[in-house]
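Q: fold the following and give me the result.
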Amino acid sequence: MIDFIRAQKMIRAAFWAAIVSGVLTAIISLIAAGGTPIAGFSAWNLFDAIFIFGMAYGISKRSRTCAVLMLAYWIANLVIGFIENPGFSGSIPMSLLFAVFYTEGVIGTFTYHKLIKPVTLPSEPPAETSEETADTETVLRPQQPVVAEDGLKPLGSGNYRSM
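A: As a prediction, this is how the structure comes out:
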């Protein structure tokens, strides 16, 4: 089972893979726009770079939708690339590496949201509690320490916090 810290690392890896992919796409697109043809790129591929940067931002915010879209986009581009240019196999190892990072991003974002999902637990009212607070109690699952958005600083003490 993937713990909270591992999910954060998987998300971070997918984010950086998307940043690298976006930068490389932008650079190659700008070179191609200047008149030097490179692997079928053109100035239109700048839109691809913008899309990739948008997905990278979403992944950094732990968006499951952006992680899935980035993986689907990457796989679609691989399939289209191999159909259009079946003899070109030089980028297969790098393409598979990026696919692994994006797959980890999908797994990481889904795991992250699973681990932080609030759970409503019914509770029996203890003798010293009032009727208003005895109905339900919402807590986070205490599987891993809850950390701040940057993934480094713990929020409060203990393994969970009340909502």
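Q: which other helices and strands contact the lengthiest helix in the chain?
A: If you go by DSSP state H, the chain has its longest helix at helix 4-33. Under the contact criterion of 3 or more CB pairs under 8 Å, 6 or more residues apart in numbering; DSSP states H and E, helix 4-33 touches helix 45-60, helix 64-84, helix 92-116. Glycine gets a C-beta too; all of them are placed from N, C-alpha and C.
Q: for that helix, buried residues please.
A: 4, 6-8, 10-15, 17-19, 21-22, 25-26, 28-29, 32 (16 or more other CB atoms under 10 Å).
Q: still on that earlier bit, out of the helices and strands packed on helix 4-33, nearest to A39?
A: Proximity to A39, assessed across the helices and strands packed on helix 4-33 by CB to CB, is greatest for helix 64-84 (8.5 Å).
Q: where do the domain boundaries of this protein fall?
A: As given by automatic domain parsing, the domain ranges for the chain are 4-116, 118-163.
Q: rank those domains by mean pLDDT and give me the bottom one.
A: Note on these: lowest mean pLDDT is at domain 118-163, with a mean of 53.
Q: one step back: out of the helices and strands packed on helix 4-33, nearest to S123?
A: Closest approach to S123 among those (CB to CB): helix 92-116, 20.7 Å.
Q: and for that closest one, what's in contact with it?
A: Residues from elsewhere that reach helix 92-116, judged by CB atoms under 8 Å, 6 or more residues apart in numbering: 2-4, 6-11, 13-18, 21, 59, 62-64, 67-68, 70-71, 74-75, 78, 140-141, 143-144, 146.
Q: now do 6 Å
A: By CB atoms under 6 Å, 6 or more residues apart in numbering, the list of residues contacting helix 92-116 from outside reads 2, 4, 7, 10-11, 13-14, 17, 59, 62, 64, 67-68, 70-71, 74, 78, 143.
Q: ok, F41 touching I28?
A: Yes - using CB atoms under 6 Å, F41 is in contact with I28, at 4.9 Å.
Q: between those two, which contacts overlap?
A: The contact sets of F41 and I28 do not overlap (CB under 6 Å, 6+ apart).
Q: K9 versus the nearest residue to S29 once chain neighbours are set aside, what's the distance?
A: Distances taken as CB to CB, 6 or more residues apart in numbering put N45 closest to S29, at 3.9 Å, once the chain neighbours are dropped. Relative to K9, N45 is positioned 30 Å away (CB to CB, to the nearest Å).
Q: burial count for the residue nearest to L71 when sequence neighbours are not counted?
A: Using CB to CB, 6+ apart and skipping residues adjacent in sequence, the residue nearest L71 is Y102, 4.1 Å away. Y102 is flanked by 26 other residues according to other CB atoms under 10 Å.
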